Structure formats: C-alpha cells, structure tokens
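Colleague: Structure for this input, please:
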Amino acid sequence: MRAPHRLSVLVLASVMGCTADVAPLSSAQREAVAAYVSKKAPSPEYELEVEFANKVRLLGYDLDATEWRPGDILRVSWYWQTLVAPGAHWKLFTHLVSDDPPITIDQDVSGVVRWLYGPDRWQAGQFVQDTQELHLPEDWKADEVTLYVGLSHEGERLSITTGPSDGDNRARGPTVKTPVVGPHETPSRVPRLAVVQTRRPPRLDGSLNDPVWRAARTSAPFVETRSGGVAPLTASAKLLWDKRYLYVGVDISDALLRASDRDHDDHLWEQDCIELMFDPQGDGLSYFEIQVSPRGVVFDTRYDAPRIPKPFGHVDWDSGVRAAVSPRGKLDDLEPDAGYTVEMAIPWQAFSPKNRPASPPTIGNTWRANLYVMDLTRDRQQAASWSPLGIGDFHVPGRFGILTFEGPPDEMVGQSEPVQMPSNRAIHLESRKDAWDPGVKNRSIRRRAMNRRRPGEPRAAQVDEGLQRLESEETAH
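Modeller: Numbering: from 1, shown residues only. Below you'll find the model as predicted:
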C-alpha cells in the first residue's frame, strides 16, 4: 500500500478550513487526519473512476491481500476526489456482500476518515485516502465477498452517474476469495494480558501513581471496535489482583470531557465512560458489566447470556466497585481537555451471580474480558476497545480478550502485606458528589468522585485522615 501524502498541520488547517454546520476539528484531530488529506492526486493500485452526482469521484483503491480468511482483517484504502463539496450530512458506507448465500454486512465506521473527516467536511479540490481495516466474521460461510462503497444520508444514497456499480448507487469494489476456516484452525486471535498479583493494594486516588502499579502489565492500545484498526482515541489499561479485589486502571486521552449523568445506573454509555465486561467462566454466560464516567458515576449490571435479559441485564445487581477518577480538564464545557484516569477495585464477591460465596482466582486461571471507552464528541459518539469485535455490538463474549492471573513479581515475593485499614475505608464520597481539591485549576484539576457511601463508611474528611494514617503505618513498617 502506498504511504499517504502527509500535510503539515499548518497547511492542513488551510486545506480543511471550516464547513458550515460541522463542528471544527481540534488540533489533535487535525493532526490525526493530516495523513489522509492532500491536494496531490494519488495513484491507486486498482482504478475505478466512479462519479457520484458530479460532486465526488472514487478514483480507485489499494488492497493488501487477494484472499481473506474468516476472522481476519483486510486493509483497503479508497481514494476519493472532491469535485464540489458534497454538503452537510453525507456519510461514507461500506458493505460486504455475498450473493450465495445472500449476506450483507455494514462496516461503515472503520477508519480515521470515517470517524473524523467524512464527506460533510470535504472541500473542492481535496483528495482523501479513506483507509479501512475490515473484519470478516468468523462464521462467514460464502466462498467470496464483494466490497461496495458509497455516500448516504438517512437512507438516501448519492446517485452514481458513471462507473461500475450495482445499479442501486453502490460503487462496486473488489471481489475477494474467502476460504472457509477448517474446524481445527483458530480464525482470529484475541489479545491477552497477564494480571499480576500484588502484595500491597494500590491506593485509590485516580492517578495510577502508586508504585504498586509499576508491576502491572500495560495492555495493548485500544483499537477500533469492529475492525481492530486505528482507534479514534487513545486508551490503555492495567490490571492487578490480590485475595480481596481485582484492580483496574484505565488511562484515556480525550479532548472533550462530557459526563452530565450524576446518578447510579444512569446510561453512561451515551456520553464519556469506560466500560468493562468480565466473563469468569469464559462460556458467554453469566458475564458482568461495569461502567465508570469521568464524573465517577457507576453503572453496573450482569447478564445471563448476551444481552439477556433485555434491555440492560440485571440492573439491580450491585458490583460494590470502588472507583476514583482524575479528569484532566473541566467536565461539560467547550474548553479543550486532555483526558481522564479511572482506578477501580472490584471485590471478588461481585462475580458471584446469585450472591453465592466467591473466591479469588488461583495463579494460572484465565478469564475472558473486554475493555471499552465510549466518547461523545461535539457531533458524534465514538468508541475504542481492547479486543475488536467484528460487528457493531459490544456483547460478543467470543471476541473478548484473555486475562491470565499470575503470581507476584520477584521483587514482591516474601514481602508481607502492610497494615490495612478496615474495608470501609474506601474513598466513597457521600451522595456521589465531587470532592474538589481546593486551589487546583483547569487541566490540573484532581477530582475524587466515588460511589455512594455505604453504611458504616467514613465521611470525606475522615477518609483523608485515614489515608494519611495508613501511609504513616506503611512507612513505619
């Protein structure tokens, strides 16, 4: 595949400009798009010359393989020329189509251009390289697949005036052989992550600065949720465990923090949040979901099977999770932000579906899990995941990644656990309101936003005193 024609960010700003009715891109977003927009005509490997309503021309495409196995990724780059600005609301679509048996799969949102620089932003004279990493489902049964692309808005497709098409305003791209995967072959790998045992629990302050986290393995960067391609945002995770809790830390880069929900079990996925799904048995049954927003609000539920019961599982389930969040910016305004960090402690009892006694895993045990980030930008919802799913649904346990529980690292072996405060010491602030550190402004804001305070838990002032006392005891030991 040919390398895209890169423009400097300054030149890019002049090329992109602003389009009416479309929110401007941030500087970080413009930089991400810079590799895909040019004033220089490309030379596609395969030429097409399909013209849409005398506004946009599909020049051709590059393809990185002539055979596509079910479960694998195919990289394709579509090359577009803008003759006249298409106008607001037009979006690109991609369909994977088989005639025998009849199958159509939408893969419309894969790729940076699809997320950040769709036709509603294009201007006359621009050439756009629309690179996608497409995922062919593991259960694909046809011998071949044909790729179709085009522009649509609310069910209407921009008309094709010249070039190869299906007669229904879809430009016909390549037809690729799709040999069926054998019964003993693994169609597509999922990511793995070692979860290291810790001799000392991390302090939950939302920063991941506790030295305990240095022993944790960092996940691969999160990817685009369908194809596994480049995600529209940056995120990674760390996990630790001990005999009481599973600890999760997630760091997210986010240029606009939006989290207006304030109540437990609000629909956090409609704005910004992290979303965790755990399947301890790895069978797709009785799996658990926990979400935390940049405001520290929690949504938690469990399922008996994928999306069962509908619509949102057993929402009355309470995970007992303890969470701390540090936003790098101010929530729910239009000023640029930098992101946020979430730190969580999930008790093992949470993973007992019917309140039966629960035990921590043993060294060598494996779980299936997936980690997600939801992000509401100025004009659209976007997402990233640790393990790509192949379809537009997060509830695909068969595509969850694999967590392997390991023993403590050598430097921790033989260390005794420090003196612990009572289990009700967690930083849970009354009524789930924010506790702002005084005197800290804008991007350095440090907020501790926690779950509702349970009976017997200390108030906020007592929490800080308790943490100071714990630190003194640990230093003494």
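Colleague: ok now the one helix or strand residue 132 maps to, how far from the chain's centre?
Modeller: According to DSSP states H and E, residue 132 maps onto strand 127-135. Chain-centre distance of strand 127-135: 19 Å, with C-alpha atoms, centre = their mean, to the nearest Å.
Colleague: just the helices in the stretch 1-150 of the chain please.
Modeller: Using DSSP state H, counting those that start in this stretch, the helices assigned to the stretch 1-150 of the chain run over residues 9-16, 27-33, 112-116.
Colleague: Which of these comes out lowest on mean pLDDT?
Modeller: Among the helices of the stretch 1-150 of the chain, helix 9-16 has the lowest mean pLDDT, at a mean of 45.
Colleague: Near the residue lying closest to residue 171 once chain neighbours are set aside, how many other residues are there?
Modeller: Nearest residue to residue 171, sequence neighbours excluded (C-beta to C-beta, 6 or more residues apart in numbering): residue 50, at 4.2 Å. No exception for glycine: its C-beta is placed from N, CA and C like everyone else's. By other C-beta atoms under 10 Å, the residues close to residue 50 number 22.
Colleague: what does residue 230 give?
Modeller: The burial count for residue 230: 17, using other C-beta under 10 Å.
Colleague: Distance check, residue 35 against residue 113.
Modeller: 10 Å (C-beta to C-beta, to the nearest Å).
Colleague: So which of these two has more stuff around it?
Modeller: Neighbour comparison, residue 35 and residue 113: the larger count goes to residue 113, with 24 against 17 (by other C-beta under 10 Å).
Colleague: which residues sit in contact with the spatially most central residue of the chain?
Modeller: Nearest residue to the geometric centre of the chain (C-alpha atoms, centre = their mean): residue 384, 1.8 Å. For residue 384, the contacting residues are 222, 223, 224, 225, 231, 232, 233, 235, 372, 373, 375, by C-beta atoms under 8 Å, 6 or more residues apart in numbering.
Colleague: Also residue 176?
Modeller: 63, 65, 66, 67, 68, 74, 144, 145, 146, 147.
Colleague: Tell me the one among those residues nearest to residue 253.
Modeller: Taking C-beta to C-beta as the measure, residue 253 lies nearest residue 74 of these, at 27.9 Å.
Colleague: That closest one contacts residue 136, correct?
Modeller: Yes: between residue 74 and residue 136 there is a contact under C-beta atoms under 8 Å: 6.8 Å.
Colleague: overlap in contacts of those two?
Modeller: Common neighbours of residue 74 and residue 136 (C-beta under 8 Å, 6+ apart) are residue 68.
Colleague: Contact partners for the residue nearest to residue 171?
Modeller: 57, 58, 160, 162, 163, 164, 165, 171.
Colleague: Paired strands for the strand holding residue 132, with orientation please.
Modeller: Here strand 127-135 is paired, per DSSP bridges, with strand 37-38 (antiparallel), strand 73-82 (antiparallel).
Colleague: With mean neighbour count as added columns, please give those strands in CSV.
Modeller: Below are the strands paired with strand 127-135 laid out as CSV (neighbours: other C-beta atoms under 10 Å):
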stretch, mean neighbour count
strand 37-38, 22
strand 73-82, 22
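Colleague: My guess is residue 324 contacts residue 209. True?
Modeller: No: at 11.6 Å, residue 324 does not count as touching residue 209 under the criterion of C-beta under 8 Å.
Colleague: neighbour count winner among those two?
Modeller: Remark: of residue 324 and residue 209, residue 324 carries more neighbours, 28 against 14, as counted by other C-beta under 10 Å.
Colleague: Give the other helices and strands that the one helix or strand the more buried one maps to contacts.
Modeller: Taking DSSP H and E as the criterion, residue 324 maps to strand 322-328. Counting by 3 or more C-beta pairs under 8 Å, 6 or more residues apart in numbering; DSSP states H and E, the packing neighbours recorded for strand 322-328 are strand 339-347, strand 447-448.
Colleague: let's see 10 Å
Modeller: On a contact count with 3 or more C-beta pairs under 10 Å, 6 or more residues apart in numbering; DSSP states H and E, strand 322-328 meets strand 245-253, strand 287-292, strand 339-347, strand 447-448.
Colleague: Of those, which is nearest residue 104?
Modeller: strand 287-292 (28.9 Å).
Colleague: dump the residue contacts of residue 287.
Modeller: Residues in contact with residue 287 (C-beta atoms under 10 Å, 6 or more residues apart in numbering) are 277-281, 302-306, 313, 351, 353, 367-370, 395, 397, 400.
Colleague: re the thing from before, for residue 213, find the nearest of the helices and strands packed on strand 322-328.
Modeller: strand 245-253 (6.2 Å).
Colleague: what angle separates that closest one from strand 339-347?
Modeller: 170 degrees (axes from the mean of the first three to the mean of the last three C-alpha atoms, to 10 degrees).
Colleague: Could you find the closest non-adjacent residue to residue 204?
Modeller: In space, residue 204 is closest to residue 324, 4.5 Å off (C-beta to C-beta, 6+ apart).
Colleague: Find me the pLDDT at the one you found, would you?
Modeller: At residue 324, pLDDT is 96.
Colleague: cool, and residue 465?
Modeller: In the predicted model, residue 465 carries a pLDDT score of 48.
Colleague: ok, now residue 450?
Modeller: Reading off the model, residue 450 has pLDDT 37.
Colleague: Bridge partners for the residue nearest to residue 204, pull those for me.
Modeller: residue 343.
Colleague: and what of residue 82?
Modeller: residue 56.
Colleague: Go ahead and confirm it touches residue 54.
Modeller: No: with contacts counted by C-beta atoms under 10 Å, residue 82 stays clear of residue 54, the gap being 11.5 Å.
Colleague: Contact partners for the closest residue to residue 49 other than its chain neighbours?
Modeller: Leaving aside its chain neighbours, residue 49 sits nearest to residue 163 (5.4 Å; criterion: C-beta to C-beta, 6+ apart). Shown in contact with residue 163 (C-beta under 10 Å, 6+ apart): 48, 49, 50, 51, 52, 57, 58, 171, 172.
Colleague: Strands along the stretch 101-250 of the chain, start to end?
Modeller: 102-106, 127-135, 144-153, 156-157, 160-162, 171-177, 192-197, 234-241, 245-253 (DSSP state E, counting those that start in this stretch).
Colleague: Which of the ones you listed sits closest to residue 330?
Modeller: With C-beta to C-beta as the yardstick, what comes closest out of the strands of the stretch 101-250 of the chain is strand 245-253 (15.7 Å).
Colleague: Thanks a lot, see you next time.
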